[in-house]
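Chemist: after the sequence you'll find the predicted model.
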4 protein chains.
Amino acid sequence: MEIGFLGLGIMGKAISVNLLRHGFKVTVWNRTLSKCGELVELGASVEETPAAVVKKCQYTIAMLSDPSAALSVVFDKGGVLEQISSGKGYIDMSTVDADTASKISEAILAKGGQFLEAPVSGSKKPAEDGQLVILAAGNEALYKEVIPAFNVIGKKSFYLGQVGNGAKMKLVVNMIMGSMMNAFSEGLVLADRSGLEPQVLLDVLDLGGIANPMFKLKGPTMIGRSYPPAFPLKHQQKDMRLALALGDENAVSMPIAAAANEAFKKARSMGLGDLDFSAVHETLEALKPPH
Amino acid sequence: MEIGFLGLGIMGKAISVNLLRHGFKVTVWNRTLSKCGELVELGASVEETPAAVVKKCQYTIAMLSDPSAALSVVFDKGGVLEQISSGKGYIDMSTVDADTASKISEAILAKGGQFLEAPVSGSKKPAEDGQLVILAAGNEALYKEVIPAFNVIGKKSFYLGQVGNGAKMKLVVNMIMGSMMNAFSEGLVLADRSGLEPQVLLDVLDLGGIANPMFKLKGPTMIGRSYPPAFPLKHQQKDMRLALALGDENAVSMPIAAAANEAFKKARSMGLGDLDFSAVHETLEALKPPH
Amino acid sequence: MEIGFLGLGIMGKAISVNLLRHGFKVTVWNRTLSKCGELVELGASVEETPAAVVKKCQYTIAMLSDPSAALSVVFDKGGVLEQISSGKGYIDMSTVDADTASKISEAILAKGGQFLEAPVSGSKKPAEDGQLVILAAGNEALYKEVIPAFNVIGKKSFYLGQVGNGAKMKLVVNMIMGSMMNAFSEGLVLADRSGLEPQVLLDVLDLGGIANPMFKLKGPTMIGRSYPPAFPLKHQQKDMRLALALGDENAVSMPIAAAANEAFKKARSMGLGDLDFSAVHETLEALKPPH
Amino acid sequence: MEIGFLGLGIMGKAISVNLLRHGFKVTVWNRTLSKCGELVELGASVEETPAAVVKKCQYTIAMLSDPSAALSVVFDKGGVLEQISSGKGYIDMSTVDADTASKISEAILAKGGQFLEAPVSGSKKPAEDGQLVILAAGNEALYKEVIPAFNVIGKKSFYLGQVGNGAKMKLVVNMIMGSMMNAFSEGLVLADRSGLEPQVLLDVLDLGGIANPMFKLKGPTMIGRSYPPAFPLKHQQKDMRLALALGDENAVSMPIAAAANEAFKKARSMGLGDLDFSAVHETLEALKPPH
């Protein structure tokens, strides 16, 4: 199976390395071509435009940083649209909103191509280990054809129906995550101010019914008020906003998500947007009276 | 080690059975004496008053249903105070507020006795399996003396310092849990109204960084809008209120917990207080327009 | 001063009648031409297209129902753009978002025309009485030229600077109003459930530092749980959403507005979107246990 | 009509001066007796204990600073209880919670006396001008007897039924006020960050349907970020907390009040508790990025 791969950022590189290691032939493209070198050493071919990749490969996967990059790779000169055609599949794993996914889908379909949106849950480490969760939606036949690749990329893939559903599912998950992060932060601060040891709270939480990897991973750094960006706060806040907008469309009242969104906005107003989303903790900690 | 045990409700019975099975000599008392029968069959002795239990045993554990029962067992005629004295330890595992714990502590100490509050995290099943988490606070020497019993009762025990800290730690944990439950419920409803399958959301959540036993356990029943009471909603709301009051004392702003508390109050106003706390889901679901 | 007037809905008709009564020559257009009859009886001229009105008059005022109507009157065949030119002014009093105002502004300016956005605060009655408040922004020279007309239409007009500021000011006012309405509703319900007479609360409020016309006007109907639409709830909720989006752009955290927005969304989910915005009261009242 | 008056703080002094000016005979007592001097110059008599005042006068009014002062004046040695008896009326105008009012009421009634709680709405200026609003509850006969005095003290008095209702009504009003203050503050900050002039927002608000004395009075100082204490923030937050507790008792969900309460708590955590309650504005302003 020959696979094209567009975009070699942190996630894209990890995924394409994984595919190569599992014996897939991979042809890569990246806006900054020099980033392709490491992949070539592992056996990848390189093409100079997305169009050239699509021309060469039956299936092309994209993993771009944001909606504008995702659109540009498709619609610009030398883009996917120039070569996509009947019998070729395009799988966009970038995290984009439902509108962007739909716009790309329509353009690909208009050229006779097949389209799948397939955003993932998980960050760098799961990407390297092939442990992502794949939220695919769009052409079901294409989904079935690329399952061998998905099996390498992720520990599990879901087929969610029409294009847009992948983006929506990801928003729902991230919304719950953002509210949970705020609940967790409030608990850490309440413990601390009430004379309890926050580290002991972590230990107690980890033994109970709400134990989860996020608390375990982020708790110690939050206690230390350190927030190296794994998932930037401004992106988390954007996802909260988009989830609330989705709720607005469907008349779903979500008071907890709304309160959490305002806390993330406050963190942004404090200049913390580029830190990890756990930095929302500072909206409470920063108000601590001096010792 | 001879242990007295006061209170044979769901939790108390499970714990004392566990102690008997692990070779402890146990002398039980229960307001309704007939409930002691099953314990006697397993080898327990019975006394007719809390005072008689305390007189007989060096260590007495209580597991009562609420603060008023916890106070009554200590202060009423035939109560713990009549026999507690230097060299005797009293361990209250009931879930009470910090004020009640302090009141009991002061009375025990005034009689020369030793006191430990030791509320637990976990419900019936973990109690039967000796898998509770014990949040002890008070007399540290007494804590160390009863560790053999705690090792049978729970999978882990914590010593948290002065009396009141056990109650506070439990409130913090339950506050985080209550906010999480609301965040989860909002996500389930948002998924459903946005055309996604809530069951698939559960599957996706269970594979990611916020996977936790509560989502896994409660999700399917919430989707089915069934809420058999494991932890009654009115108790969860009371804990949210007490946690917010603790935050008020310490000037900790907790907007997510406050929003979650209002949702639980709304559920109470809908007559759902005796259902499981996951019934807060109905505050969103019940507004669903008819199909 | 000859003034063109586009749009004879409730507000447009009241304003144009007012202008005629104060001696302005007015040329009207309405999508349904039959609605022009009453104006003609009062001395107005009629044209068959917006373009024809603009051709005839130096100043043309528009008062349309929503952004799409506002755009259509400008950009469609027979629209304002066909005749707007240097020396002609176009004043849009419709309530639209800042983006729509900017789009119209740019098109008018590109043709050499002058543009003013001028949304108003106030509904039917103030419009009839010339008691509106006008929030103008855009070309300052044009603003000064049309002050004689604004003096008739409103009790006060403000010049707010660049195009978009009129829309923004209106959003801010409506956001405060929406939050206040929720605060008021909570107070009415709390009074009632606590055994106080809601009507007495109205009397007390009306004598104090937060007395305001809205409480006085809406209180009695809210107590009677009647919500004849003066300002539809769905429009209020849309304004809350847009105000929150404006806050998002500028990193302003607004937890009260966010909570109020969720209450309005809940009201929408209960099917109350077409009632008056005071119907948000039902989100609390409807949960009242049966008597 | 001879009236006793206990407590000559800012409010008490203004009220008793008012009574003297309108021809009432007034006998005063104050914990710091030296404060009575000014009243004596205006014709008041002085007694050395609350008991002595009650002994001398048929009606005694108290205006104390807080619940503990209100209790102390009644229950301490030399207190009201020592002389209250059948045929004597005691009117407590202090702002206290319903529990305190009930405790005082019961003690007075047990001695055969008559009791009225009568907290007021309004601060120093209205007190001086006899423009307070009186929220009376308790003995209706006593209420009718003291109306001549109430007519001098306030512009309006209400009889609200059983003891406790005065305190509750005041809580409801203050809760609405606290939420409104937050809504107002959010609007001021949103205007400012969106490029609008906050002073113009004040002008626009003052012409519309939500115009109210509080916005007019507090707006300019809030823009100037100055908060001289008229109503201390910590007292406003306490009232929000008590109102929420009242809602909790009655299962009334109040998400806006809850969000406002958290903002006031945040202000407290920033050390602003002794400033005016409008200082909640700083919870938003203080996060402003440096210019």
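Modeler: The structure has been received and is ready for your questions.
Chemist: show me the strands in the stretch 1-150 of chain A, by range?
Modeler: A:2-6, A:25-29, A:45-46, A:59-62, A:89-92, A:114-117, A:120-121, A:132-138 (DSSP state E, counting those that start in this stretch).
Chemist: around chain C, pick out the residues from chain A.
Modeler: For chain A, the residues in contact with chain C (C-beta under 8 Å from any C-beta of the partner chain) are A:241, A:247-248, A:251-255, A:258-259, A:261-263, A:265-266, A:268-269. C-beta: built from backbone N, CA, C; applies to glycine.
Chemist: in stretch A:126-138, what counts as buried?
Modeler: For stretch A:126-138, burial by neighbour count (16 or more other C-beta atoms under 10 Å in any protein chain shown) applies to A:126-128, A:130, A:132-138.
Chemist: how about the helices in the stretch 51-200 of chain A?
Modeler: A:67-75, A:98-110, A:124-128, A:140-145, A:147-153, A:165-193, A:198-206 (DSSP state H, counting those that start in this stretch).
Chemist: give me the angle between the last one and helix B:165-193.
Modeler: In this structure, helix A:198-206 runs at an angle of 50 degrees to helix B:165-193, with axes from the mean of the first three to the mean of the last three C-alpha atoms, to 10 degrees as the basis.
Chemist: of the helices of the stretch 51-200 of chain A, which is nearest A:Met11?
Modeler: Smallest distance to A:Met11 across the helices of the stretch 51-200 of chain A (C-beta to C-beta): 5.2 Å, for helix A:124-128.
Chemist: so how far is the closest one from its chain's centroid?
Modeler: A distance of 11 Å separates the centroid of the chain from that of helix A:124-128, by C-alpha atoms, centre = their mean, to the nearest Å.
Chemist: of the buried residues of stretch A:126-138, list those near chain B.
Modeler: A:133, A:135.
Chemist: pLDDT for the buried residues of stretch A:126-138 - can I get that in a markdown table?
Modeler: Listed next are the buried residues of stretch A:126-138 as a markdown table, based on pLDDT from 0 to 100:
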| residue | pLDDT |
| --- | --- |
| A:Pro126 | 91 |
| A:Ala127 | 93 |
| A:Glu128 | 92 |
| A:Gly130 | 95 |
| A:Leu132 | 95 |
| A:Val133 | 96 |
| A:Ile134 | 97 |
| A:Leu135 | 97 |
| A:Ala136 | 98 |
| A:Ala137 | 97 |
| A:Gly138 | 97 |
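Chemist: widest-spaced pair of the buried residues of stretch A:126-138?
Modeler: Checking these with C-beta to C-beta, the most distant pair is A:Glu128 and A:Gly138, at 26.0 Å.
Chemist: what about stretch A:172-192, near chain D?
Modeler: No: using C-beta under 8 Å from any C-beta, stretch A:172-192 stays clear of chain D, coming no nearer than 9.7 Å.
Chemist: what about dumping the CA coordinates of that stretch to CSV?
Modeler: What follows is stretch A:172-192, C-alpha atoms only, in CSV (Å, rounded to 0.1, in the frame of the first residue of the first chain):
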residue,chain,number,x,y,z
VAL,A,172,-17.2,17.2,22.7
VAL,A,173,-14.2,15.3,24.2
ASN,A,174,-12.1,18.4,24.5
MET,A,175,-15.0,20.3,26.1
ILE,A,176,-15.3,17.6,28.8
MET,A,177,-11.6,17.7,29.2
GLY,A,178,-11.5,21.5,29.6
SER,A,179,-14.2,21.5,32.2
MET,A,180,-12.5,18.6,34.1
MET,A,181,-9.3,20.5,34.1
ASN,A,182,-11.0,23.5,35.8
ALA,A,183,-12.7,21.3,38.3
PHE,A,184,-9.4,19.7,39.1
SER,A,185,-7.7,23.0,39.5
GLU,A,186,-10.4,24.3,41.8
GLY,A,187,-9.9,21.2,43.9
LEU,A,188,-6.1,21.6,44.1
VAL,A,189,-6.4,25.2,45.2
LEU,A,190,-9.2,24.5,47.7
ALA,A,191,-7.1,21.7,49.3
ASP,A,192,-4.1,23.9,49.5
